[in-house]
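> Let's see this in three dimensions:
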Amino acid sequence: MKKLVFHIGTGAGFYSEYLGMVFAIAYCKMNNIQFVLYSKDATFGFENGWTDYFKPFTDEVFDDRHSVLNRRQRSPKIKAIVKSVYRRIVNNQPIPKWMFNRLSISNINRYFKEIKFKSEHNFDYYTFELWNEIQSLSPHRNYSRLTEKYSIQGEMLDLRTLFNKIIIDTYIFNDSVKHEMLCKTEKLLLPDIFIGLHIRGGDKVLEDKIYNVDDYFSLLDNVNSIGLRDLFILTDDYSIIKEARSKYPDYNIFTLCEENERGYDNNQFVNSDKMYIKARLINLFVSIELLIKSKLFIGVYNSNPDIFIDLKRSSNSFFVDLV
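Model prediction:
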């Protein structure tokens with residue numbers, strides 16, 4: 001059986017990283033590939049990586065060289081570039097500067113290090129070697145593909161069921177994190193039955209369309225047939241909470257967003273103090289768990305946390321970008 005060593009925690013937001021891992025495990029199951037984890041240098045970790053927050057679920061490797069060699073982005077294809085340079089020389093054509101840059105000593109050294117390291121440690125794939133295939137399983141741009149069926153070890157499963165099984169097996173908080181999450185949840189004094197909203201701002205505007213508060217509440221008015229008025233909002237910008245409370249005073253709004261939060265910036269976040277990262281992630285985990293448990297959930301499907309929430313919920317999930 002061939003083996004993939006998957007590098008999680010390379011710098012994207014947590015749920016982008018996590019869903020990438022879920023899709024990778026699914027791809028491995030589809031293609032009879034052994035899945036092994038590397039998370040020692042995870043940007044979300046503070047000591048050990050994955051097990052700082054979750055229980056172990058698979059074999060893990062700890063060699064620091066994975067931090068440099070095992071990336072999401074593919075290395076320059078040295079052989080292809082050499083051939084292209086040769087053809088241009090033969091045909092007396094100009095050679096672009098980027099080709100020379102790709103043939104730098106450091107890139108060539110890394111290329112041979114990748115081959116040697118993989119051979120010495122008996123695995124077949126770095127993350128970047130399968131990344132495009134792994135990401136092709138994402139429902140981000142094609143929601144209907146969750147109903148597509150695949151043969152997994154002799155059993156026909158649709159993607160939603162497969163992803164859900166993988167999440168059940170992998171997304172298990174360790175006892176310390178569960179205790180911290182419980183303490184935060186109890187302090188909220190949230191009613192047992194409530195509506196959940198995720199309104200993303202921050203650097204999301206750089207990636208995709210941002211929807212305003214009115215878009216969410218307009219959809220909420222259409223689907224809130226039971227008239228619930230208790231509402232938990234996950235957001236990264238406290239001005240959204242102020243706007244919602246001002247415009248929609250009939251709702252009792254709860255949140256873990258703090259008054260000084262003015263939008264999430266992933267680059268700034270991943271370079272923050274490790275204990276700050278831990279505290280913010282605990283808040284995020286609590287918020288996500290509450291949204292999963294909410295009677296009714298409204299979000300956007302261009303957001304990785306919302307894709308994750310949808311995979312965890314069985315019904316009553318609505319998305320302003322899928323209306």
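
> C-alpha from now on. contacts and neighbour counts both.
Noted.

> residues in contact with stretch 168-184?
51, 52, 53, 54, 55, 56, 57, 282, 283, 285, 286 (Cα atoms under 8 Å, 6 or more residues apart in numbering).

> do the same with stretch 49-63
5, 35-42, 45-46, 169-174, 176-177.

> tell me the mean pLDDT for that stretch?
For stretch 49-63, mean pLDDT is 98.

> Please apply the same query to stretch 221-238.
On average, stretch 221-238 scores 94.

> Please apply the same query to stretch 309-323.
92.

> okay, how far is it across that stretch, tip to tip?
17 Å (Cα to Cα, to the nearest Å).

> Find out how far that stretch is from the centre of the chain, if you would.
17 Å (Cα atoms, centre = their mean, to the nearest Å).

> ranges for the helices of the stretch 1-150 of the chain?
Counting by DSSP state H, counting those that start in this stretch, one finds helices in the stretch 1-150 of the chain at the ranges 14-31, 65-69, 78-90, 97-102, 105-120, 127-135.

> Kindly report the same for the stretch 151-300 of the chain.
For the stretch 151-300 of the chain, helices defined by DSSP H, counting those that start in this stretch occupy the ranges 159-170, 175-188, 213-223, 238-247, 266-270, 274-293.

> do you know which of these lies nearest residue 91?
Closest approach to residue 91 among the helices of the stretch 151-300 of the chain is made by helix 266-270 (44.3 Å; Cα to Cα).

> From the chain's centre, how far out is that closest one? Work that out for me.
In this view, helix 266-270 has its centroid 14 Å away from the chain centroid, taken as Cα atoms, centre = their mean.

> Quick one: list the elements packing against that helix.
Judged by 3 or more Cα pairs under 8 Å, 6 or more residues apart in numbering; DSSP states H and E, helix 266-270 is in contact with no other helix or strand.

> What count of nearby residues applies to the residue nearest to residue 55 when sequence neighbours are not counted?
Take residue 55 and drop its neighbours on the chain: the residue closest to it by Cα to Cα, 6 or more residues apart in numbering is residue 174, 5.2 Å away. As a burial measure, residue 174 scores 14 neighbours (other Cα atoms under 10 Å).

> still on that earlier bit, are any of the contacts of stretch 49-63 buried, and if so which?
Burial by neighbour count, 16 or more other Cα atoms under 10 Å: within those this picks out 5, 35-42, 45-46, 170, 172-173, 177.

> Show me which pair in those is furthest apart.
Maximum distance among the buried ones among the contacts of stretch 49-63 (Cα to Cα): 25.9 Å, for 5 and 177.

> Now stretch 28-43 - C-alpha only, CSV.
Provided in CSV are the C-alpha atoms of stretch 28-43 (Å, rounded to 0.1, in the frame of the first residue of the first chain):
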residue,chain,number,x,y,z
CYS,A,28,-6.8,8.0,0.5
LYS,A,29,-9.8,5.7,1.3
MET,A,30,-10.9,5.9,-2.4
ASN,A,31,-7.4,5.0,-3.7
ASN,A,32,-6.2,2.5,-1.1
ILE,A,33,-3.5,4.9,0.2
GLN,A,34,-2.3,4.9,3.8
PHE,A,35,-2.8,8.2,5.5
VAL,A,36,-0.1,9.5,7.9
LEU,A,37,-0.1,12.9,9.7
TYR,A,38,2.6,15.5,10.2
SER,A,39,1.4,18.4,12.5
LYS,A,40,4.4,19.2,14.7
ASP,A,41,4.9,22.7,13.3
ALA,A,42,1.1,23.4,12.8
THR,A,43,0.4,27.2,13.0
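
> what's the most distant pair in the contacts of stretch 168-184?
Checking those with Cα to Cα, the most distant pair is 57 and 283, at 23.3 Å.

> So the two - more neighbours on which side?
Shown here are residue 57 and residue 283; by other Cα under 10 Å, residue 283 has more neighbours (19 against 14).

> wait, the more buried one sits on residue 256?
Yes. Counting by Cα atoms under 8 Å, residue 283 does reach residue 256; the two are 6.7 Å apart.

> Against residue 274, how distant is the residue nearest to residue 55?
18 Å.

> and if you look at residue 178?
Look at residue 178 and residue 274: by Cα to Cα, they are 19 Å apart.

> likewise residue 155?
For residue 155, the distance to residue 274 (Cα to Cα) stands at 42 Å.

> Please identify which of those two sits among more neighbours.
The neighbour count for residue 155 versus residue 274, taken as other Cα under 10 Å, is higher for residue 274 (16 against 9).
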